[in-house]
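Chemist: Give the three-dimensional model of this entry:
(6 chains, ligands or ions: 3)
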Amino acid sequence: MPKLTKKDLRKSWLNWAMYNLSSMSFEKLEAHGFAHSMIPIIKKLYKDDPEEYRKALERHSVFHNVEPQVGSVINGITASMEEERANGKDIDDDIFVSVKTSTMGPLSGIGDSTIQGILIPVLLSIAMAISSSGNPLGVLLYMVGYVSIAGWLSYFLYMRGYQLGVNSIDTIVGEGSERLRDAFNILGILVIGGLAASFVKLSTAIEIPNGEETLVLQETLDSFFPGLLGLISVIFSWYLIAKKRISATKVLLILIGISIVGVLLGIF
Amino acid sequence: MPKLTKKDLRKSWLNWAMYNLSSMSFEKLEAHGFAHSMIPIIKKLYKDDPEEYRKALERHSVFHNVEPQVGSVINGITASMEEERANGKDIDDDIFVSVKTSTMGPLSGIGDSTIQGILIPVLLSIAMAISSSGNPLGVLLYMVGYVSIAGWLSYFLYMRGYQLGVNSIDTIVGEGSERLRDAFNILGILVIGGLAASFVKLSTAIEIPNGEETLVLQETLDSFFPGLLGLISVIFSWYLIAKKRISATKVLLILIGISIVGVLLGIF
Amino acid sequence: MPKLTKKDLRKSWLNWAMYNLSSMSFEKLEAHGFAHSMIPIIKKLYKDDPEEYRKALERHSVFHNVEPQVGSVINGITASMEEERANGKDIDDDIFVSVKTSTMGPLSGIGDSTIQGILIPVLLSIAMAISSSGNPLGVLLYMVGYVSIAGWLSYFLYMRGYQLGVNSIDTIVGEGSERLRDAFNILGILVIGGLAASFVKLSTAIEIPNGEETLVLQETLDSFFPGLLGLISVIFSWYLIAKKRISATKVLLILIGISIVGVLLGIF
Amino acid sequence: MDIILMIQALAIGIFCYLGSVSSPWLLGVTGGYYTIGRPLVAGLIIGIILGDVTTGIILGVAVQAAFIATISTGGTQNQEITYAAYGGIALGILAEASTGVTVTLSVGIGVLGLFLHNLMMVLNSGWNRRAENAAKKGDAQGIARNNGIYPQIVNFLLRVIPIGLAVYLGEGFVKAFLDFVPDKVTHMMDVLGGLLPALGIALLMNLLIREKSHFIFFVTGFAFIVFISNNMIALTIFSLLIAYVIYLVASNSTPSPISDDDEVI
Amino acid sequence: MDIILMIQALAIGIFCYLGSVSSPWLLGVTGGYYTIGRPLVAGLIIGIILGDVTTGIILGVAVQAAFIATISTGGTQNQEITYAAYGGIALGILAEASTGVTVTLSVGIGVLGLFLHNLMMVLNSGWNRRAENAAKKGDAQGIARNNGIYPQIVNFLLRVIPIGLAVYLGEGFVKAFLDFVPDKVTHMMDVLGGLLPALGIALLMNLLIREKSHFIFFVTGFAFIVFISNNMIALTIFSLLIAYVIYLVASNSTPSPISDDDEVI
Amino acid sequence: MDIILMIQALAIGIFCYLGSVSSPWLLGVTGGYYTIGRPLVAGLIIGIILGDVTTGIILGVAVQAAFIATISTGGTQNQEITYAAYGGIALGILAEASTGVTVTLSVGIGVLGLFLHNLMMVLNSGWNRRAENAAKKGDAQGIARNNGIYPQIVNFLLRVIPIGLAVYLGEGFVKAFLDFVPDKVTHMMDVLGGLLPALGIALLMNLLIREKSHFIFFVTGFAFIVFISNNMIALTIFSLLIAYVIYLVASNSTPSPISDDDEVI
Ligand SMILES: OC[C@H]1O[C@H](O)[C@@H](O)[C@@H](O)[C@@H]1O
Ligand SMILES: OC[C@H]1O[C@H](O)[C@@H](O)[C@@H](O)[C@@H]1O
Ligand SMILES: OC[C@H]1O[C@H](O)[C@@H](O)[C@@H](O)[C@@H]1O
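Modeler: Ligands and ions are numbered 1, 2, ... in the order given. Model (predicted):
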């Protein structure tokens, strides 16, 4: 009865953590990164059965793509399923495929938005506040903070996935988790609203003569809605992308154009 | 088959928007304003049938009263119903009456509180902040802002009412809309709480000798609850009106009395 | 038909309010305080029946413990039940016991946390803000404020309990009241979070040399999370008590230890 | 000199008419009552007419604050805001009165104005009868005239004459009065100016607060401005959030009429 | 001089007794433990007795801060707040100690006081037995005396004697001690004063926090004070709003015991 | 001199490689792309390499602000942040450019970098085919090499060469360019630096906002920072509270599929 040791699992996790995107291409993305991660598992489980060994390698070389740090839970689940299969349980290729395809989407959604949309920007903005005048402490804090949080998360999820096996699928894609993802979604929207306020900066240079005094328009705006122009810029960009389906690069060009024209006209 | 054109509808809306309260009396309020608004519709639909023409004019000359800007949706609905009737559908006077009476109440409730209780005070307070030292920009902002929002709303609701016809009644008085109105209600209460804090100003002039120093009571109050006396004044006024059923004019007199007596006693 | 007068009830309440804990011991706590409170009731109801009189005194001398001010409702309920019993209704000792035991727990829970956890600290913190530089006004405010609120509450609940009798049990322990208690619980947690922020004060004295300048660590902490060390201290104490089951006295010693060692090492 | 003031007084009276609740000419209440009729806007207009825009606006802001929450429902008003605004601010500028005095003037004129407004509504019953008859006869033109035109003559006169006269003649009275008035009284007027919005807000509360628990929202709104951010836009945004959450809560519960289940089964 | 201090010490001891948790005379805990017994109030009273109200209140505020969240449940306390308050503040004034030192004195006396309080509770068992017997005999007077009067003699002595002596004799000790004490130690006491409330708050948390998610509320309350408005009233108002919304959420769900539906059907 | 700059340029190129999204050596994206690859961290590293840590960090903060919300999903990126960071900041330090200019440089280099990144992904298809064959043959070593090692050679060259050259040769160009550039253009660059985060945030919004009502949350987050507390931690805590309440609301409604009741019965 082949059994996976802690060491096998660690090796498999490390292979995933390092090599998940190392041969990324448009058509296969993390396919071979996933296979790479399965090598220690397959070596242990099928070392005496070259055909199964070969088939297992092939089985895990298909298209795969998920947020890598959160997605390690799939590798853990797959490892536990391979172990069961090697021990006689009837798990055919279809099941492996469906486990991966059903979890990739939700995990990428929550992973990308939570990690790239909340965790990283929030950590960065703390670090930037500390380091704004050149102090390295903030930067070091970010480095240590992010690596330990994300590294631990990735490891923890792999091991958790292995422990729970296929049963954890429901926790990931079930109704309960959907509610949780919706809540995280709202958390994300609130936080990026704040990011917009913190980082998008636009102010007008328009001054309106008013009798002897001049009215500085930006001051007037600030008196009832600071950051209003920034908010408009963000919503305008979102409108171009989400409603007009304009590509990010084109929006970049539009923003450049606005900066140039706005300054030329004396608006900004 | 008589059909209403965009032009007829525009004329009807304009008649309503202008003349809704122009002959307001205690017993009929917007009755003839409503009839006035129906003239272009009736002229087009019943131009070949003097008796129907006459009856239609009479039908719409009964008591009517609704917040005029939000209420334009009823005119739109009525126009569409008249069109259907002129085209042979069996719609008798009762239905016109019940459509109006069932929608007047809810629409006035939401309309009065949202427009007079939220929209106008909030716009005004922004404008006042900008104009507080005499700058006309705030005033102009209010004028342009309010007229465009309320003008658009009134026009939009008329046309929407015409499009949806009788079916829109449910959207106005149904359970879903009740929840919406409850939410608007809460929005309104929150906003007027803020209005109270912004505009009701009362401070005490009492100073308590304390050893060599004197204690300025207002400063002490401000240290733990700024605006407390204003809050008490508002709740007191509300109590007189809502619980003691005292008329607004009497409350006005009471407030005048308080100002006089309070100053004489050195309290304010 | 013996009937309780307002005077009897007032006496009974006063006895409770004064003597609830006056002979408190570990094993009986408010047992005799409860009996003390029942004396005026029993005297009136059973004055012609010495045996019933004796049994009643004994019946109310059993273990009892509840937050005294909120708990007065139980005395009121019991008084009304004794009255019914004296008037012939069949209420045996078991019912008295079960009324007390089923209400003591919930009432103590809500009473202790609301009064000692919210009401008193909030009133105190207002008073302290006013009196922080030695002005007696804040102290007087607290004294008058607390005594009138808590005194009224205790009296009101006693009388309410008497009016509603056994029927009020459901209001106290039923599902609806559980939701209410849950809400108060959350209120309490929010408020003590604020208390922690207001009163737990810990700041580090560490300074990190950074080129020619020195970095004052506390300033850096304050720039992104003021009060962070205080928050950590509280959560640490909570962890010791709630998770490690360490007694309050030992936690006190640990805090003393931390103060000493921290200062010696130059951390605080 | 007289002539100029007369024209100015007339112009102010006309604007007071245009801003009245039943004047149709500026898209009804939209551009009239709710725009031209607001003290803030009146301040600008009167300032332009009398040649002192800055003072006009400053007094407009002060009077607007006192009348921030006037409300007109079912044809009744708590104060006639347009009379108050045009009469009070104009006299305030002319008599060089302080903001406190101007607000008090406005309140007084508003009370008198309410009588005139109600008088107009009573007189309108006559035009109404004529409009009814026109309807019965199928005379659309008659409706239009008796609804839209004739009643406006009354409304016009009831506004232009008293306000015009008040502005034309009032300056002297007010100034003389102000010379006599002791400081205490001025202070009373200031206090009153700060208290007045309480009335309008109380009427709004009466309209909106339907159960005790609603008070939590009122006090929260108050506390937001006082403790957190003195900005009505900020409050409006947070209020939207709270109202939305409450809406979600209500939506999740009501669609399931569980209490009726028994019947169903 | 001696005599005056003796009377002062006695008076302080008596108030320490009146503010104790089991003293009945000021409407039980209402006017006693929760009013007279609070360090803030003790500060005022001791200040009056010793003739320095301002210092008394300032030290009272400091000690109160350290004991802001003491809690007594089921007869057990985490610190004996009344001993702590009366002993600590009185010695603090007499020895002209800093707030940090006064707080530390209070903590120490509070720990000793807890032993005395527990001793009283043990001794009360004796009175309890007598009250039980009275009940069995139908002797109402006996209950009243053995519950309300006799135990108070013990309580009185256990408070007035030690606190009186401490105040009377302690001044010299404390002053001498303070002369020796290096700055570092004073600083430690200040640090401890800031840390102490953590204990009481942790006990309150232990009482209130029942599930992990409750931490969100705790941290929100903390963040409100630290980031938004350093005002407990403001926090209380917003907490009421949040608690009310949570209550609405819970109300909408639970009234429908859907999980039981199966049985019903 | 030349030699030193060459070594510095090389080192910067190597870090640009180590921070790339597909570089495995620092625990994949965890220590690489999301740590070493961030402009803030790049600023520190470049500062150390070029001997001016303070300037490096200051420019790192500026570029990080412009790229605060870059996002990589499904292999696509809106800008190649690592090229942008290492190329832009290094040239910024060397040419003593202002933060506005440095940000603009970064944006330009990021656009070019995106082409190179996409080129690498195209070339990786070749290695993928080899890895597939290895899998078919049961050759685990072949998979490991063709996934983990060989593609990195391409990635290394596509980063080290262009960034190394840019740093080595670019200083002069940039300086010369800056001498010519009028103030207006510098100002444009500053404006652009402030506008840029809007793009990334818009992409995040596109990912997260699924219905109109979600806008309430976005605007609330914005308003929180602008009106209430300019602190992202504070916002995160309050957002957690709000998200938790919404979660409670959702939990209470959905578990009870009441609309299906009819079927059940
Ligand atoms: O209440 C509805 C409606 O009634 C009358 O028509 C007027 O007072 C309007 O201002 C109000 O909107
Ligand atoms: O816990 C309920 C109750 O228990 C004991 O009686 C005392 O500690 C009281 O202070 C407390 O309120
Ligand atoms: O979207 C999921 C995932 O897709 C690709 O693998 C990369 O863009 C990752 O950065 C991303 O997390």
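
Chemist: Break down the chain into its helices, ranges please.
Modeler: You didn't pick a chain, so chain A it is. In chain A, the segments counted as helices under DSSP state H are A:6-19, A:31-45, A:50-59, A:68-86, A:93-111, A:120-131, A:136-164, A:168-173, A:175-199, A:217-224, A:228-238, A:248-264.

Chemist: nope, chain D
Modeler: Using DSSP H, helices in chain D cover D:2-18, D:39-50, D:53-66, D:81-94, D:99-137, D:140-144, D:150-180, D:183-195, D:197-208, D:214-223, D:232-253, D:261-264.

Chemist: got the angle for the first one vs helix D:81-94?
Modeler: Yep, that's helix D:2-18 we're talking about. 150 degrees (axes from the mean of the first three to the mean of the last three C-alpha atoms, to 10 degrees).

Chemist: Please name every helix or strand in contact with helix D:2-18.
Modeler: Helix D:2-18 is packed against helix D:39-50, helix D:81-94, helix D:150-180, with contacts defined by 3 or more C-beta pairs under 8 Å, 6 or more residues apart in numbering or on different chains; DSSP states H and E. Placement of C-beta: from N, CA and C, glycine included.

Chemist: Grab the nearest non-local neighbour of whichever residue of chain A sits closest to chain F.
Modeler: Across chain A, no residue is closer to chain F than A:G193, which sits at 2.3 Å (C-beta to the nearest C-beta). Among residues not flanking A:G193 along the chain, F:G221 sits closest, at 2.3 Å (C-beta to C-beta, 6 or more residues apart in numbering or on different chains).

Chemist: Can you tell me how far that neighbour is from F:V249?
Modeler: Applying C-beta to C-beta, to the nearest Å, the value for F:G221 to F:V249 is 19 Å.

Chemist: can you check A:S102 too?
Modeler: In terms of C-beta to C-beta, A:S102 sits 27 Å off from F:V249.

Chemist: The two: who's more crowded?
Modeler: F:V249 (26 against 14; other C-beta atoms under 10 Å in any protein chain shown).

Chemist: Let me know the pLDDT of the closest residue to D:H187 other than its chain neighbours.
Modeler: If the residues on either side of it in the chain are set aside, D:H187 comes closest to B:V263, at 5.4 Å by C-beta to C-beta, 6+ apart. Looking at B:V263, its pLDDT reads 96.

Chemist: Mind telling me which residue of the stretch 1-150 of chain D is nearest chain E?
Modeler: D:A69 (21.5 Å).

Chemist: so what's the closest residue to that residue other than its chain neighbours up against?
Modeler: Sequence neighbours aside, D:G200 is the residue nearest to D:A69 in space, at 3.0 Å (criterion: C-beta to C-beta, 6+ apart). Residues counted as contacts of D:G200 (C-beta atoms under 8 Å, 6 or more residues apart in numbering or on different chains) are D:67-71, D:78-79.

Chemist: if I look at D:G200, how far off is ligand 2?
Modeler: D:G200 is 46 Å from ligand 2, where distance means C-beta to the nearest ligand atom, to the nearest Å.

Chemist: For chain D, which residues are neighbours of ligand 3?
Modeler: Remark: no part of chain D is in contact with ligand 3, using C-beta under 6 Å from any ligand atom.

Chemist: ok, the spatially most central residue of chain D - contacts?
Modeler: Compute the mean C-alpha point of chain D, and by C-alpha atoms, centre = their mean the closest residue is D:I81, 3.5 Å away. Residues near D:I81 by C-beta under 8 Å, 6+ apart: D:37-39, D:67, D:70, D:110.

Chemist: do the same with D:A135
Modeler: Per C-beta under 8 Å, 6+ apart, neighbours of D:A135: B:32, B:35, B:54, B:57-58, B:61, D:142-143.

Chemist: Now for A:R85, how many residues are close by?
Modeler: 18.

Chemist: and what of D:T30?
Modeler: Neighbour count of D:T30, defined by other C-beta under 10 Å: 25.

Chemist: Look up the pLDDT of it for me, please.
Modeler: For D:T30, the predicted pLDDT is 97.

Chemist: D:D260 too?
Modeler: 35.

Chemist: With adjacent residues omitted, what lies nearest to D:L248?
Modeler: Once flanking residues are discounted, D:L248 sits nearest to F:V249: 5.0 Å by C-beta to C-beta, 6+ apart.

Chemist: So that neighbour sits against D:Y247, correct?
Modeler: No - counting by C-beta atoms under 8 Å, F:V249 stays clear of D:Y247, with 10.0 Å between them.

Chemist: check contacts around the residue nearest in space to the middle of chain A.
Modeler: The residue lying closest to the centre of chain A (C-alpha atoms, centre = their mean) is A:D112, at 2.2 Å. A:D112 makes contact with A:67, F:71-73, F:207, according to C-beta under 8 Å, 6+ apart.

Chemist: Many thanks, I have nothing further to ask.
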